[in-house]
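1. A structural model of the following input is requested.
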Amino acid sequence: MPLLENGRLVEDFWTTIGDDAPLPPTGPVIVPLERLEDGLARPAGEKLGVALPPDAEVAVLRAALPRLALVGVTFPTFRDGRAFSQARALREHLDFAGEIRVTGRPLPDQYEFLLRCGASTVQLPDGADPAVWARAHERFTTAYQPSVRDERAEGFGLRRFLA
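-> Below you'll find the predicted structure:
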């Protein structure tokens, strides 16, 4: 599946490991949360990522975060916004500096908000047009909510004029 970073397609170097698949001894891998201990048993120099289910608290990763290079958050449907909260909590409360990858079924209209919450990359759903996502990245220029990207929320001052 295509991987989008900052509105551009990038190559995906990660291998996603299923529940039963053996872990390769080398190379960047993403393991399910249930297999995090297996991933942590790999050599320390190997890149490790974890796929966090939507119903998991990010705090379960606190001890493992120094070893993690990637945390995946999932949108089972576009209406399920828990991935927004997980990404923001990883950045703001746990100071995670690695890649936060969004998977599942987000919508292009959510892309800019995902970035503002701390997401780094979005794995596009099957059949998604990357050009639509790139346009969504450029479409929104004003935001009302604060961002973890060191961007200033520009819309706060407008609220007083709307009443």
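2. Residues in a beta bridge with the closest residue to Glu5 other than its chain neighbours, which ones?
-> Nearest residue to Glu5, sequence neighbours excluded (Cβ to Cβ, 6 or more residues apart in numbering): Thr121, at 4.7 Å. No exception for glycine: its C-beta is placed from N, CA and C like everyone else's. Per DSSP bridges, the residues bridged to Thr121 are Glu5, Arg101.
3. And for Pro32?
-> Using DSSP bridges, the beta-bridge partners of Pro32 come out as Ala51.
4. That one contacts Ala21, correct?
-> No: the criterion here is Cβ atoms under 8 Å, and Pro32 misses it with Ala21 at 10.1 Å.
5. ok, back up a step: spit out the contact partners of the residue nearest to Glu5.
-> Residues in contact with Thr121 (Cβ atoms under 8 Å, 6 or more residues apart in numbering) are 3-5, 10, 99-102.
6. so what's Gly27 up against?
-> Contacts of Gly27 by Cβ under 8 Å, 6+ apart are 15, 46-47.
7. same thing but at 7 Å, please
-> Gly27 makes contact with Thr15, according to Cβ atoms under 7 Å, 6 or more residues apart in numbering.
8. what does Leu114 give?
-> Leu114 makes contact with 87, 102, 106, 122, according to Cβ under 7 Å, 6+ apart.
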